[in-house]
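Engineer: Let me see the structure of the following:
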Amino acid sequence: MEEKYINPHTDFGFKRLFGSEFNKELLISFLNAMFHGEQNVQDVTYLNSEQLGDRADARRAIFDVYCENDKGEKFIVEMQNVYQEFFKDRTIYYSTFPIREQAQRGGDWDFHLNPVYTIGLLNFNFADGLENAKRWHHEVKLMEVDTHEVFYDKLTYIYVEIPKFDKQESELVTMYDKWMYVLKNLANLMQRPAALQERVFTRLFEQAEISKFDKEELKLYEDSVNAYRDIVNAIRTAEKTKFAEGMAEGMVKGKAEGEKEAKVKIASNLLSLGVSIETIIQASGLSEEEIKNIL
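Structural biologist: You can find the predicted model right below:
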């Protein structure tokens, strides 16, 4: 079945929907939905997504989407398709750029900082530190350990596990539900769901329809899809290889355990017949210690 709408997990698809000035109302709606009314973003300004370090040889950072709202609060929004061993470290590192860029030159700066939000939209289950979490939305702040109270509320990390979102169309209640449904299912839809009647989704489905792309956009999207599929295939191959290795290891282990069990049974039968330990060692291949443990 040929796709009608773009895949938002691709680099092109995600940035078309959320990373362009032309479609910034989509990003505004998504951010307001994610924060459940705690944010009232009226406008966003897109910032340079390529961040350089303090020195020429310092490691740079490239964000999928980097913006600030009308109150000067900074938002980094990342679509992550592949689990990385140090992904948590990466998000912490990314948050240092919008913190440092707020430093004012001269002696009058009092170290006042605007809030920074680092948002990871994860196309995998993020087990690192969240093994026992049942929800798909995780909000992390600096906390005082004894009281469990937020110590510093201007630095927030949000991790959204897209695969864990399992609501069907009939179960969508909040705007966040609806946005999550879109993020997970857009590429598989052939028409706009009846539950998504808000004006912002009219805009989204118009911008997501592949048949409306010009030749250049279509080429960029196809390249992005191919890159995404390469990632997915690499993950599946790795998982299959790991599974096959596990099966082979299990078979070898099972065979070894079966042989040991047979030897123990032989030794046990010989012991019951009063055969000497020396003879049993020769007959079973077990050590003297192993035979004495059977007694």
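Engineer: use CA for all of it now, contacts and neighbours both
Structural biologist: OK.
Engineer: Next one, pLDDT for the nearest residue to residue 123 once chain neighbours are set aside please.
Structural biologist: Among residues not flanking residue 123 along the chain, residue 81 sits closest, at 4.7 Å (CA to CA, 6 or more residues apart in numbering). Looking at residue 81, its pLDDT reads 85.
Engineer: Tell me how many other residues surround residue 81.
Structural biologist: 17 (other CA atoms under 10 Å).
Engineer: List the residues that contact it.
Structural biologist: 9, 122, 123, 124, 231 (CA atoms under 8 Å, 6 or more residues apart in numbering).
Engineer: Just the closest of these to residue 222, please.
Structural biologist: residue 9 (13.0 Å; CA to CA).
Engineer: Assign a three-state SS to the closest one, would you?
Structural biologist: At residue 9 the chain is in coil, as set by DSSP: H, G, I helix; E, B strand; the rest coil.
Engineer: burial of it, as a residue count?
Structural biologist: Neighbour number of residue 9 under other CA under 10 Å is 22.
Engineer: ok, now residue 95?
Structural biologist: 20.
Engineer: my read: it touches residue 120, true?
Structural biologist: No - Residue 95 lies out of contact with residue 120 (CA atoms under 8 Å); the separation is 11.6 Å.
Engineer: contacting residues for the most centrally placed residue in the chain?
Structural biologist: Residue closest to the average C-alpha location in the chain (CA atoms, centre = their mean): residue 122, at 2.6 Å. Shown in contact with residue 122 (CA under 8 Å, 6+ apart): 79, 80, 81, 82, 159, 160, 161, 162.
Engineer: Now list the buried members of these.
Structural biologist: When the contacts of residue 122 are checked for burial by 16 or more other CA atoms under 10 Å, the buried set is 79, 80, 81, 159, 160, 161, 162.
Engineer: And those, which two are furthest apart?
Structural biologist: 81 and 159, at 12.8 Å, using CA to CA across the buried ones among the contacts of residue 122.
Engineer: now stretch 207-216, how far from the chain's geometric center?
Structural biologist: Taking CA atoms, centre = their mean, to the nearest Å, one finds the center of stretch 207-216 at 28 Å from the center of the full chain.
Engineer: Could I get the buried residue list for that stretch?
Structural biologist: Applying 16+ other CA under 10 Å to stretch 207-216 flags 207, 208, 209, 210 as buried.
Engineer: Same question for stretch 29-46.
Structural biologist: 29, 30, 31, 32, 33, 34, 40, 41, 44, 46.
Engineer: any idea how far that stretch is from the chain center?
Structural biologist: Distance, centroid of stretch 29-46 to centroid of chain: 21 Å (CA atoms, centre = their mean).
Engineer: Name the surrounding residues that touch that stretch.
Structural biologist: Residues contacting stretch 29-46 (CA under 8 Å, 6+ apart): 19-21, 24, 28, 65-70, 174-176, 179, 200.
Engineer: try 10 Å this time
Structural biologist: With contacts defined as CA atoms under 10 Å, 6 or more residues apart in numbering, stretch 29-46 is touched by 18-21, 24-25, 27-28, 65-75, 77, 119, 137, 139, 158, 160, 174-180, 200-201.
Engineer: Great, nothing more from me.
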